[in-house]
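Visitor: got a sequence here, can you model it:
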Amino acid sequence: MIEDYARGDTTIAADTVWALEAHLEACAPCRGLLAAAVAGRAPDVAALLDTVRAGLEPQLAAVGPAPARRLRPGWVPAGLTPVMTPWLAMTVAVTVTALLLGALAPPAFFGGTSALVPIAPVLPLCGVAASWSRALDPAHELTASTPRAGLPLLLRRTTAVLLVVLPGLLLGGWLTGTVAAAQWLLPSLAFTSTALALGSVIGVTRAAVGLAAAWGALAVVPAWAVGHAPLAPELLLQPDRAPVWGLLLAVGAGAVIARRNAYSTL
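Guide: Here you go, the predicted model:
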(Lines give C-alpha, C1' and ligand atoms only; values in the text may rest on other atoms or scores of the structure.)
Protein backbone atom coordinates (compact mmCIF):
# COMPACT_ATOMS: atom_id res chain seq x y z
CA MET A 1 0.00 0.00 0.00
CA ILE A 2 2.83 2.39 0.81
CA GLU A 3 4.44 1.69 -2.56
CA ASP A 4 1.18 2.49 -4.35
CA TYR A 5 0.65 5.58 -2.19
CA ALA A 6 4.15 6.89 -2.94
CA ARG A 7 3.65 6.25 -6.65
CA GLY A 8 0.45 8.32 -6.62
CA ASP A 9 -1.85 5.46 -7.60
CA THR A 10 -5.30 7.00 -8.15
CA THR A 11 -7.10 3.66 -7.89
CA ILE A 12 -6.68 3.50 -4.11
CA ALA A 13 -10.04 3.99 -2.38
CA ALA A 14 -10.46 7.28 -0.54
CA ASP A 15 -11.15 5.59 2.81
CA THR A 16 -8.04 3.45 2.38
CA VAL A 17 -5.92 6.55 1.75
CA TRP A 18 -7.43 8.19 4.84
CA ALA A 19 -6.70 5.12 6.98
CA LEU A 20 -3.14 4.88 5.64
CA GLU A 21 -2.41 8.55 6.34
CA ALA A 22 -3.84 8.24 9.85
CA HIS A 23 -1.62 5.20 10.46
CA LEU A 24 1.48 6.99 9.17
CA GLU A 25 0.98 9.79 11.71
CA ALA A 26 1.54 7.36 14.58
CA CYS A 27 3.91 4.77 13.07
CA ALA A 28 7.58 5.76 12.63
CA PRO A 29 8.64 2.50 10.90
CA CYS A 30 5.99 2.96 8.21
CA ARG A 31 7.04 6.58 7.75
CA GLY A 32 10.55 5.24 7.13
CA LEU A 33 9.15 2.86 4.52
CA LEU A 34 7.32 5.79 2.90
CA ALA A 35 10.53 7.85 2.77
CA ALA A 36 12.34 4.96 1.09
CA ALA A 37 9.43 4.42 -1.30
CA VAL A 38 9.35 8.09 -2.29
CA ALA A 39 13.08 8.03 -3.02
CA GLY A 40 12.66 5.00 -5.26
CA ARG A 41 9.22 5.53 -6.81
CA ALA A 42 9.06 9.33 -7.02
CA PRO A 43 12.56 10.74 -7.42
CA ASP A 44 11.22 14.13 -8.52
CA VAL A 45 9.36 14.46 -5.22
CA ALA A 46 12.51 13.46 -3.30
CA ALA A 47 14.53 16.04 -5.22
CA LEU A 48 11.97 18.73 -4.48
CA LEU A 49 12.04 17.89 -0.75
CA ASP A 50 15.86 18.03 -0.73
CA THR A 51 15.78 21.45 -2.42
CA VAL A 52 13.24 22.83 0.05
CA ARG A 53 15.15 21.39 3.01
CA ALA A 54 18.43 22.88 1.78
CA GLY A 55 16.81 26.32 1.51
CA LEU A 56 15.04 26.18 4.87
CA GLU A 57 17.72 24.70 7.12
CA PRO A 58 19.89 27.88 7.35
CA GLN A 59 16.80 29.99 8.11
CA LEU A 60 15.43 27.57 10.71
CA ALA A 61 18.80 27.42 12.46
CA ALA A 62 18.72 31.21 12.93
CA VAL A 63 15.20 31.28 14.38
CA GLY A 64 14.59 30.38 18.00
CA PRO A 65 11.82 27.99 19.06
CA ALA A 66 8.35 29.50 19.01
CA PRO A 67 6.54 29.76 22.34
CA ALA A 68 4.01 27.04 22.98
CA ARG A 69 0.44 28.06 22.21
CA ARG A 70 -2.77 26.49 23.41
CA LEU A 71 -5.61 26.61 20.96
CA ARG A 72 -8.06 25.89 23.77
CA PRO A 73 -7.72 27.11 27.36
CA GLY A 74 -7.43 24.33 29.90
CA TRP A 75 -10.67 25.34 31.63
CA VAL A 76 -12.73 25.03 28.41
CA PRO A 77 -14.30 21.53 28.05
CA ALA A 78 -13.22 19.50 25.02
CA GLY A 79 -16.68 19.56 23.46
CA LEU A 80 -16.98 23.33 23.79
CA THR A 81 -15.35 25.87 21.52
CA PRO A 82 -13.91 29.05 23.12
CA VAL A 83 -16.22 31.20 20.97
CA MET A 84 -19.22 29.69 22.76
CA THR A 85 -18.04 31.01 26.13
CA PRO A 86 -19.56 34.50 25.62
CA TRP A 87 -22.86 32.87 24.64
CA LEU A 88 -22.90 30.81 27.82
CA ALA A 89 -21.97 33.89 29.88
CA MET A 90 -24.83 35.76 28.24
CA THR A 91 -27.19 32.88 29.05
CA VAL A 92 -26.16 32.95 32.71
CA ALA A 93 -26.57 36.74 32.77
CA VAL A 94 -30.10 36.46 31.36
CA THR A 95 -30.96 33.87 34.00
CA VAL A 96 -29.67 36.08 36.83
CA THR A 97 -31.50 39.11 35.39
CA ALA A 98 -34.77 37.17 35.24
CA LEU A 99 -34.33 36.06 38.85
CA LEU A 100 -33.71 39.65 39.97
CA LEU A 101 -36.71 40.91 38.03
CA GLY A 102 -38.88 38.24 39.55
CA ALA A 103 -37.71 39.18 43.05
CA LEU A 104 -37.87 42.97 42.67
CA ALA A 105 -40.67 43.71 40.19
CA PRO A 106 -44.32 43.85 41.30
CA PRO A 107 -46.13 40.52 40.76
CA ALA A 108 -48.66 42.10 38.40
CA PHE A 109 -45.88 43.25 36.06
CA PHE A 110 -45.38 39.71 34.76
CA GLY A 111 -48.98 38.61 34.98
CA GLY A 112 -48.65 37.30 38.50
CA THR A 113 -45.89 34.81 37.68
CA SER A 114 -42.11 34.71 37.98
CA ALA A 115 -40.08 36.36 35.23
CA LEU A 116 -38.09 33.13 34.97
CA VAL A 117 -41.11 31.03 33.96
CA PRO A 118 -41.54 32.45 30.42
CA ILE A 119 -37.85 32.38 29.46
CA ALA A 120 -36.69 29.16 31.16
CA PRO A 121 -37.99 26.78 28.44
CA VAL A 122 -36.12 28.58 25.66
CA LEU A 123 -33.03 29.68 27.58
CA PRO A 124 -30.86 26.73 26.41
CA LEU A 125 -31.60 27.77 22.82
CA CYS A 126 -29.24 30.73 23.30
CA GLY A 127 -26.31 28.33 23.54
CA VAL A 128 -27.69 25.79 21.09
CA ALA A 129 -27.88 28.53 18.46
CA ALA A 130 -24.10 28.83 18.68
CA SER A 131 -23.35 25.11 18.79
CA TRP A 132 -22.99 24.70 15.02
CA SER A 133 -22.59 28.19 13.58
CA ARG A 134 -20.23 29.11 10.76
CA ALA A 135 -20.03 32.74 11.86
CA LEU A 136 -19.17 31.94 15.50
CA ASP A 137 -16.62 29.17 14.91
CA PRO A 138 -13.40 30.43 13.27
CA ALA A 139 -12.31 26.82 12.72
CA HIS A 140 -15.61 25.79 11.14
CA GLU A 141 -14.09 24.53 7.87
CA LEU A 142 -11.48 22.49 9.75
CA THR A 143 -14.06 21.14 12.19
CA ALA A 144 -16.55 20.27 9.45
CA SER A 145 -13.95 18.15 7.63
CA THR A 146 -13.35 15.77 10.54
CA PRO A 147 -15.03 12.34 10.63
CA ARG A 148 -17.07 13.16 13.79
CA ALA A 149 -18.18 16.62 12.71
CA GLY A 150 -21.85 15.80 12.21
CA LEU A 151 -24.35 14.79 14.85
CA PRO A 152 -21.77 13.57 17.45
CA LEU A 153 -20.12 16.99 17.65
CA LEU A 154 -23.47 18.77 17.70
CA LEU A 155 -24.69 16.58 20.57
CA ARG A 156 -21.49 17.11 22.56
CA ARG A 157 -21.78 20.89 22.23
CA THR A 158 -25.50 20.82 23.05
CA THR A 159 -24.75 18.72 26.14
CA ALA A 160 -22.12 21.27 27.20
CA VAL A 161 -24.75 24.00 26.92
CA LEU A 162 -27.31 22.05 28.95
CA LEU A 163 -24.75 21.24 31.65
CA VAL A 164 -24.30 24.97 32.21
CA VAL A 165 -27.88 26.22 31.77
CA LEU A 166 -29.99 23.57 33.51
CA PRO A 167 -28.11 23.51 36.84
CA GLY A 168 -28.23 27.32 36.91
CA LEU A 169 -31.99 27.29 36.43
CA LEU A 170 -32.46 24.55 39.03
CA LEU A 171 -30.35 26.43 41.57
CA GLY A 172 -32.03 29.76 40.84
CA GLY A 173 -35.52 28.31 41.11
CA TRP A 174 -34.64 26.48 44.33
CA LEU A 175 -33.05 29.51 45.99
CA THR A 176 -35.87 31.88 45.12
CA GLY A 177 -38.76 29.43 45.33
CA THR A 178 -40.37 31.24 42.38
CA VAL A 179 -40.39 28.46 39.81
CA ALA A 180 -40.43 24.67 40.08
CA ALA A 181 -38.38 22.44 37.80
CA ALA A 182 -41.54 20.54 36.91
CA GLN A 183 -42.77 23.64 35.06
CA TRP A 184 -39.86 24.24 32.71
CA LEU A 185 -37.45 21.26 32.63
CA LEU A 186 -39.41 19.05 30.24
CA PRO A 187 -40.45 21.97 27.96
CA SER A 188 -36.81 23.10 27.89
CA LEU A 189 -35.64 19.67 26.71
CA ALA A 190 -38.52 19.55 24.23
CA PHE A 191 -37.52 22.90 22.73
CA THR A 192 -33.90 21.72 22.51
CA SER A 193 -34.73 18.47 20.71
CA THR A 194 -37.10 20.31 18.37
CA ALA A 195 -34.38 22.84 17.53
CA LEU A 196 -31.95 20.02 16.70
CA ALA A 197 -34.59 18.26 14.59
CA LEU A 198 -35.48 21.39 12.62
CA GLY A 199 -31.79 22.17 12.39
CA SER A 200 -31.26 19.18 10.11
CA VAL A 201 -33.41 21.02 7.55
CA ILE A 202 -32.83 24.76 8.01
CA GLY A 203 -29.70 24.89 10.18
CA VAL A 204 -29.44 24.70 13.95
CA THR A 205 -28.89 28.42 14.50
CA ARG A 206 -31.94 29.40 12.44
CA ALA A 207 -34.06 26.74 14.14
CA ALA A 208 -33.08 27.81 17.67
CA VAL A 209 -33.58 31.51 16.99
CA GLY A 210 -36.88 30.84 15.22
CA LEU A 211 -38.29 28.75 18.06
CA ALA A 212 -37.27 31.32 20.68
CA ALA A 213 -38.83 34.12 18.62
CA ALA A 214 -42.03 32.12 18.07
CA TRP A 215 -42.33 31.38 21.80
CA GLY A 216 -41.91 35.05 22.61
CA ALA A 217 -44.35 36.25 19.97
CA LEU A 218 -47.10 33.70 20.68
CA ALA A 219 -46.86 33.24 24.46
CA VAL A 220 -44.63 35.65 26.36
CA VAL A 221 -45.41 39.05 24.81
CA PRO A 222 -49.24 38.61 24.65
CA ALA A 223 -49.30 37.32 28.24
CA TRP A 224 -47.33 40.28 29.54
CA ALA A 225 -49.36 42.73 27.45
CA VAL A 226 -52.92 41.57 28.21
CA GLY A 227 -52.51 39.36 31.25
CA HIS A 228 -53.62 35.73 31.12
CA ALA A 229 -53.74 35.16 27.37
CA PRO A 230 -54.92 31.78 25.99
CA LEU A 231 -51.30 30.80 25.30
CA ALA A 232 -49.83 32.34 28.45
CA PRO A 233 -46.66 30.56 29.69
CA GLU A 234 -48.12 29.87 33.13
CA LEU A 235 -50.92 27.93 31.40
CA LEU A 236 -48.73 26.10 28.87
CA LEU A 237 -46.16 25.09 31.50
CA GLN A 238 -48.51 23.58 34.06
CA PRO A 239 -47.52 20.07 35.24
CA ASP A 240 -50.65 18.59 33.63
CA ARG A 241 -49.24 19.64 30.23
CA ALA A 242 -46.22 17.37 30.79
CA PRO A 243 -47.48 14.58 28.46
CA VAL A 244 -47.68 17.06 25.57
CA TRP A 245 -44.14 18.30 26.17
CA GLY A 246 -42.95 14.71 26.59
CA LEU A 247 -44.47 13.79 23.25
CA LEU A 248 -42.78 16.79 21.62
CA LEU A 249 -39.46 15.73 23.15
CA ALA A 250 -39.88 12.17 21.85
CA VAL A 251 -40.84 13.34 18.36
CA GLY A 252 -37.86 15.70 18.24
CA ALA A 253 -35.44 13.01 19.41
CA GLY A 254 -36.87 10.57 16.87
CA ALA A 255 -36.47 13.09 14.07
CA VAL A 256 -32.85 13.71 15.09
CA ILE A 257 -32.12 9.97 14.96
CA ALA A 258 -33.93 9.52 11.65
CA ARG A 259 -32.01 12.40 10.02
CA ARG A 260 -28.67 11.79 11.75
CA ASN A 261 -26.80 11.71 8.43
CA ALA A 262 -28.04 15.19 7.45
CA TYR A 263 -26.01 17.04 10.07
CA SER A 264 -22.66 16.44 8.36
CA THR A 265 -23.82 18.55 5.37
CA LEU A 266 -25.21 21.57 7.26
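
Visitor: and residue 210, how far is that from residue 216?
Guide: For residue 210, the distance to residue 216 equals 11 Å [C-beta to C-beta, to the nearest Å]. For the C-beta atoms, the positions are set from N, CA and C on the backbone; glycine is no exception.

Visitor: what does residue 242 give?
Guide: From residue 242 to residue 216 the distance is 22 Å (C-beta to C-beta).

Visitor: near the spatially closest residue to residue 196 that is not a sequence neighbour, how many other residues are there?
Guide: The shortest distance from residue 196 to any residue other than its chain neighbours is 5.0 Å, reached at residue 256 (C-beta to C-beta, 6 or more residues apart in numbering). Around residue 256 there are 22 other residues, counting by other C-beta atoms under 10 Å.

Visitor: next, residue 256: secondary structure please.
Guide: helix (DSSP: H, G, I helix; E, B strand; the rest coil).

Visitor: residue 150 is in contact with that one, correct?
Guide: No - look at residue 256 against residue 150 with C-beta atoms under 8 Å: they stay out of range, at 11.2 Å.

Visitor: would you map out the domains in this protein?
Guide: Segmentation of the chain into domains, based on automatic domain parsing, reads 2-62, 82-265.

Visitor: what average pLDDT does the first one get?
Guide: Spelled out, it's domain 2-62. For domain 2-62, mean pLDDT rounds to 86.

Visitor: equivalent analysis for the last one, please.
Guide: Over the span of domain 82-265, the pLDDT mean works out to 75.

Visitor: what strand or helix carries residue 135?
Guide: Using DSSP states H and E, residue 135 is not contained in any helix or strand.

Visitor: count of residues packed around it?
Guide: The number of residues packed near residue 135 is 9, by other C-beta under 10 Å.

Visitor: also residue 208?
Guide: Neighbour number of residue 208 under other C-beta under 10 Å is 29.

Visitor: what strand or helix carries it?
Guide: helix 204-215.

Visitor: and the helices in the stretch 101-250 of the chain, which stretches?
Guide: Here the stretch 101-250 of the chain has its helices, by DSSP state H, counting those that start in this stretch, at 116-119, 124-128, 140-144, 151-176, 181-202, 204-215, 221-226, 233-236, 242-258.

Visitor: got TSV for those helices, with distance to residue 40 too?
Guide: Shown next, in TSV, are the helices of the stretch 101-250 of the chain (distance: least, C-beta to C-beta, whole Å):
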stretch	distance to residue 40
helix 116-119	67
helix 124-128	54
helix 140-144	34
helix 151-176	41
helix 181-202	49
helix 204-215	50
helix 221-226	73
helix 233-236	73
helix 242-258	50
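
Visitor: which one of these lies closest to residue 41?
Guide: Of all the helices of the stretch 101-250 of the chain, helix 140-144 sits nearest to residue 41, with 30.7 Å by C-beta to C-beta.

Visitor: residue 204 against residue 128, yeah?
Guide: Yes - using C-beta under 8 Å, residue 204 is in contact with residue 128, at 6.6 Å.
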